[in-house]
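K.L.:
Everything below, folded, please.
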Amino acid sequence: MKRTLLRFTGLAVFAAGSLVIASAAEFEGVLMDQACAADSAKDGQKAALKHDKDCALMAACVKSGYGIITADDKFVKLDQGATDKVVAALKKTDKADNLTVKVTGELSGDTITVTSIKII
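P.N.:
As a prediction, the model looks like this:
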């Protein structure tokens, strides 16, 4: 009986983990900090592509958090926990602007809970 219960519990945990993995999705867009997005988002990706890495790494911009401007010119926030991942990706890239990214995570409302981010 205990073995059956343990097997069932193990399967339930595995199934729950699979559901979480299955709900993650990939999103592409242009990375922009929220402080600058208020002005630039009006002009969509065209303006966002000019937004540069140096600005995105300024203290006020890092503090404001980040998001992406999608192909349909909508701004989607990245969760506050993504800030360290974004800063690390920015510091690692040689790109000065045109900060197009691929984000893996889960969308809830207007915010993506980020699992990973890659500048492409």
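K.L.:
from here on, contacts and neighbour counts on C-alpha atoms
P.N.:
OK.
K.L.:
Could you list the low-pLDDT ranges of the protein?
P.N.:
Within the chain, the ranges that satisfy pLDDT under 70 run 1-22, 41.
K.L.:
mind listing the strands for it?
P.N.:
25-33, 66-69, 75-78, 100-108, 111-119 (DSSP state E).
K.L.:
Could you export those strands to a markdown table, including columns for mean neighbour count?
P.N.:
Putting these into a markdown table (neighbours: other Cα atoms under 10 Å) gives the following:
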| stretch | mean neighbour count |
| --- | --- |
| strand 25-33 | 23 |
| strand 66-69 | 27 |
| strand 75-78 | 24 |
| strand 100-108 | 19 |
| strand 111-119 | 19 |
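K.L.:
nearest to residue 86, of the ones you listed?
P.N.:
strand 111-119 (6.9 Å; Cα to Cα).
K.L.:
Would you mind confirming that residue 115 makes contact with residue 105?
P.N.:
Yes - using Cα atoms under 8 Å, residue 115 makes contact with residue 105 at a distance of 4.9 Å.
K.L.:
residues shared between the contacts of these two?
P.N.:
Here residue 115 and residue 105 share no contacting residue, scored by Cα atoms under 8 Å, 6 or more residues apart in numbering.
K.L.:
ok, back up a step: in TSV: the strands of the chain, plus distance to residue 90.
P.N.:
Formatted as TSV, these follow (distance: least, Cα to Cα, whole Å):
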stretch	distance to residue 90
strand 25-33	10
strand 66-69	12
strand 75-78	15
strand 100-108	10
strand 111-119	8
